[in-house]
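Visitor: How does the following fold in three dimensions:
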Amino acid sequence: MSGSLVATLRFDKYNINDIIVLQINDYHHIAKRIAGQINTKYKINSDNKNTSSSLCDYTYTNEAIIGKVIFKFNPTWKFSRFVKCFKKLLKYDTKYADEDNQIKGE
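Guide: All right, here's what the predicted structure looks like:
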């Protein structure tokens with residue numbers, strides 16, 4: 001997912017279905033899944049089937065691969081989960097308390 005933080009390890013060889021990070025240029029890196037291998041180059045696919053990427057039309061050498069993803073963390077997802085929990089807490093409070101913030105039934 002865009003915005004995720006990942007940890008990678010560099011290997012001499014990668015396998016089909018490995019998720020890798022590629023260096024496209026000095027400022028652009030992408031994470032994609034290896035779909036196949038042609039000689040010493042790797043064909044990649046995107047896991048997001050809702051969008052297409054022209055970067056998947058090419059093959060990449062080991063030199064373009066930064067490493068295999070071994071850990072991912074999506075801070076946006078964690079924050080959105082926190083917000084959902086907080087909203088549920090607010091709904092609970094308004095559902096079970098009256099205008100004076102007294103719990104109903106007391």
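Visitor: mind checking how far N74 is from D12?
Guide: 29 Å (CB to CB, to the nearest Å). Using the backbone N, CA and C atoms, a C-beta is placed for each residue, glycine as well.
Visitor: out of the two, which sits in the more crowded spot?
Guide: More crowded of N74 and D12, by other CB atoms under 10 Å: N74, with 15 against 5.
Visitor: What score does the residue nearest to the more buried one when sequence neighbours are not counted have for pLDDT?
Guide: Counting by CB to CB, 6 or more residues apart in numbering, S4 is the residue found nearest to N74 once chain neighbours are left out, at 4.3 Å. Looking at S4, its pLDDT stands at 76.
Visitor: K87 now?
Guide: So, for K87, pLDDT stands at 69.
Visitor: ok, now E106?
Guide: 49.
Visitor: how far away is the nearest residue to I65 once chain neighbours are set aside from K72?
Guide: Nearest residue to I65, sequence neighbours excluded (CB to CB, 6+ apart): I20, at 5.2 Å. Look at I20 and K72: by CB to CB, they are 12 Å apart.
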